[in-house]
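Colleague: structure of the sequence below:
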Amino acid sequence: MEYKTLREQYPEFYYHSFHIEEAEQQIHITYDMEIKGLSAFHPTFILPLPKDRSFQDTKLFRTAVFSLGMVELISYWKIACPPHVTIECGNLDAYQIQWWKKLYFNGLGEFFYKNQIDSDMDSFMNLCSVGSPITGAALEQTYAGNLIPVGGGKDSFVTLHILEPYKKDNCAFIINSIISAVNAAHAAGYEEGKDLLLVKRTLDQNMLDLNQQGYLNGHTPFSAMAAFASYLTAMVWGRKYITLSNEASANESTIKGSSVNHQYSKTFEFEKDFNEYTKKYLTDEIHYFSLLRPLSELQIAGIFAKLKKYLPVFRSCNVGQKKGEWCGHCAKCLFVCLMMSAYLEPQEVINIFGRDMLNDPEMRELFQQLTGILDDKPFECVGTRDEVNTAICMSIRHILAESGKLPLLFSEYMQTKYYAFYRDMNVDMLAYNEENHLPQEYAELVKKELRQNA
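Modeller: Numbers count the residues shown, from 1 in each chain. This is a model prediction of the structure:
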């Protein structure tokens, strides 16, 4: 359906309210949103509740719940992209309005690009609030330890590995019990009912039905939703640090020469914005940062390759995540394959994925997108073009030194200008990107890990 036609037909979006219900062991949150004249939406969020605690009447908790709703609404707004968005259950000042518009606009960069929508940050949305300021009692809470959002990939395992000295104060955090993430947490020694917190997020069926009918659909800033969800959980469970696994590579744009970035809400820019917002409007006692921000994907892969017990367990394929599998055909699988090929024997890599992607001509286009031979990277969470090319050349050197036969994609790559440029490149395991928010003691842990792997 046409963007402009839908905006004209459905010009108003409302974030009406949120409802909090506390049970003995969980908090159930329901949101009430609406595209006027089209549909109402009631997404939910459920998180485990510590024993003998109540949060629903506190101002800080209610503000965090409201804020999670602010990021949830973008999934429903994008169905018709109404030009007018009215917030009825809270009050936003001018700074907040601009903050949310920046997140929405940049977080929807891929959505706008794929739907061929030409817009700008000023005109794509008029955001206003008509609700009263959120009130409530003060929240008495102490904060210590880490809340660690866990996926199933190598990055999460490296973070869990580095933070092993703090394990008694850590909680792992997973949204919707994705099997690959749960398996990762279990492999690192985290257990439900103890130090593994599973939360549940549901999407409204009306949105899914409208998507099937041809209304606008596409990528939203999931990591921003996860940021506010983890913040809410850290508040309830008294965790001081929300310790992520986003690397420096997330800052590179997906579309060459543009600001369109599939990973916008994993960037350092968003991390800075999020901390500024939460410290100003929520509490300054919770700190959100990525432990791996100083590192490249290639450094992370180098650390992970030595954690042999996790090689059979890790998964980061979005296609196969519900079954905890590698599909072996997507850009993410190929990217991880290339990273691991820089450090592992060819057969070890084949054993991980269950197939030989580097000898499959059908992977050629994805390979060329990842290297930069084709201009635009796949819309996936993958590393930089420099990292991919360096990893390939590291692997080629290793295979040739062992008098092995190069796989098809590597043989073809050797005929390109990229090989001529990158052929002698290598990873610098001691490199440390100072653009990060790591507390000093965590920075020392990361640097120690780098020295051990150099």
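
Colleague: who's in contact with residue 364?
Modeller: 409, 412 (Cβ atoms under 8 Å, 6 or more residues apart in numbering). Where you see a C-beta, it was placed from the backbone N, CA and C, and this is true even at glycine.

Colleague: i'd like the first residue to be 538 from this point on
Modeller: OK, 538 is where the count begins now, so the last one is residue 901.

Colleague: now find how far off-centre the one helix or strand it maps to is within its chain.
Modeller: Element membership for residue 901 (DSSP states H and E) is helix 901-908. In terms of Cα atoms, centre = their mean, to the nearest Å, the centre of helix 901-908 is found 22 Å from the chain centre.

Colleague: check the average confidence over that helix, would you?
Modeller: Average pLDDT, helix 901-908: 95.

Colleague: following that helix, which helix or strand comes up?
Modeller: Following helix 901-908 toward the C-terminus (DSSP H and E): helix 922-938.

Colleague: okay, that following helix in CSV with CA atoms only?
Modeller: Extracted in CSV, the C-alpha atoms of helix 922-938 (Å, rounded to 0.1, in the frame of the first residue of the first chain):
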residue,chain,number,x,y,z
ARG,A,922,33.5,-4.5,5.1
ASP,A,923,37.1,-4.1,6.3
GLU,A,924,36.7,-6.8,8.9
VAL,A,925,35.2,-9.2,6.4
ASN,A,926,38.0,-8.7,3.9
THR,A,927,40.6,-9.0,6.6
ALA,A,928,39.1,-12.2,7.9
ILE,A,929,39.0,-13.7,4.3
CYS,A,930,42.7,-12.9,3.7
MET,A,931,43.7,-14.3,7.1
SER,A,932,41.9,-17.5,6.2
ILE,A,933,43.4,-17.6,2.7
ARG,A,934,46.9,-17.2,4.1
HIS,A,935,46.3,-20.0,6.6
ILE,A,936,44.9,-22.4,4.0
LEU,A,937,47.8,-21.8,1.6
ALA,A,938,50.4,-22.2,4.3
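
Colleague: for that helix, name the packing helices and strands.
Modeller: Under the contact definition 3 or more Cβ pairs under 8 Å, 6 or more residues apart in numbering; DSSP states H and E, helix 922-938 sits against helix 834-841, helix 868-878, helix 901-908, helix 945-950, helix 954-959.

Colleague: just to revisit the earlier point, what residues sit buried inside the helix holding residue 901?
Modeller: Neighbour counts over helix 901-908 (16 or more other Cβ atoms under 10 Å) mark 903-908 as buried.

Colleague: ok, of those, which one's closest to residue 884?
Modeller: Using Cβ to Cβ, residue 904 comes nearest to residue 884 of the buried residues of helix 901-908, at 19.8 Å.

Colleague: residues in contact with that closest one?
Modeller: Residue 904 touches 871, 910, 946, 950, counting by Cβ under 8 Å, 6+ apart.

Colleague: what do you get if the cut-off is 6 Å, keeping everything else the same?
Modeller: Neighbour list for residue 904: residue 946 [criterion: Cβ atoms under 6 Å, 6 or more residues apart in numbering].

Colleague: separation between it and residue 856?
Modeller: As defined by Cβ to Cβ, to the nearest Å, residue 904 lies at a distance of 17 Å from residue 856.

Colleague: before we move on, what about residue 556?
Modeller: Look at residue 556 and residue 856: by Cβ to Cβ, they are 35 Å apart.

Colleague: hang on, the earlier thing: what's the angle between the helix holding residue 901 and helix 868-878?
Modeller: 70 degrees (axes from the mean of the first three to the mean of the last three Cα atoms, to 10 degrees).
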